[in-house]
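Asker: pasting the structure only:
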């Protein structure tokens, strides 16, 4: 009888260890279906709307473009879209002297964040999505250029 109890105890230790291992690898943030997905390839961009936007301006008054918070009612997802008023020139290396423009989507509930970069010769980028049903998120832009820099965010939705 003692042999059976010992096997049962070992099995309990193994199962418990596996359970703790799974919890440790999953992390604290909830992983939602659409997190990190592309709005276009999933079809979520179809029928989406801009729920908030802000003009991206430097402290010098120079206007760079617009940051938008996009939302899909069919997928319950949000993402950021940054559109510059100009074509991005040389950026992101030591000879350019400044960084390329970036957009971010941030889910307030757990801080999940994705970004995109507007590279040389481009005027727009959009981030991967965050699931947003029953939660709020905001879009943010970061621009560093020869005429100044700006960090602008939308209201949360």
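Answerer: Received, thanks. Everything quoted here is computed from the prediction, not taken from an experiment.
Asker: how much space between residue 44 and residue 76?
Answerer: To residue 76, residue 44 is 9 Å away according to C-beta to C-beta, to the nearest Å. The C-beta positions use only the backbone N, C-alpha and C, and glycine is treated the same way.
Asker: and the two? Which one has more around it.
Answerer: Using other C-beta atoms under 10 Å, the more surrounded residue of residue 44 and residue 76 is residue 44, with 23 against 18.
Asker: show me what contacts that one?
Answerer: By C-beta atoms under 8 Å, 6 or more residues apart in numbering, the contact set of residue 44 is 34, 37, 72, 74-75, 77, 129.
Asker: of the residues you listed, which belong to helices?
Answerer: The helices, defined by DSSP state H, take in nothing from the contacts of residue 44.
Asker: now those: which count as buried?
Answerer: 34, 37, 72, 75, 77, 129 (16 or more other C-beta atoms under 10 Å).
Asker: so which of these are in strands?
Answerer: 72, 77 (DSSP state E).
Asker: most widely separated two among the buried ones among the contacts of residue 44?
Answerer: Farthest-apart pair in the buried ones among the contacts of residue 44 is 37 and 72; separation 10.7 Å (C-beta to C-beta).
Asker: what's the overlap in contacts for those two?
Answerer: 44, 129.
Asker: could you pull out the helices for this structure?
Answerer: Going by DSSP H, the chain shows helices at 2-26, 39-42.
Asker: for the residue most central in space within the chain, which residues are in contact?
Answerer: By C-alpha atoms, centre = their mean, the chain has its centre lying nearest to residue 114, at 2.2 Å. Residues counted as contacts of residue 114 (C-beta under 8 Å, 6+ apart) are 36, 79, 104-105, 127-130.
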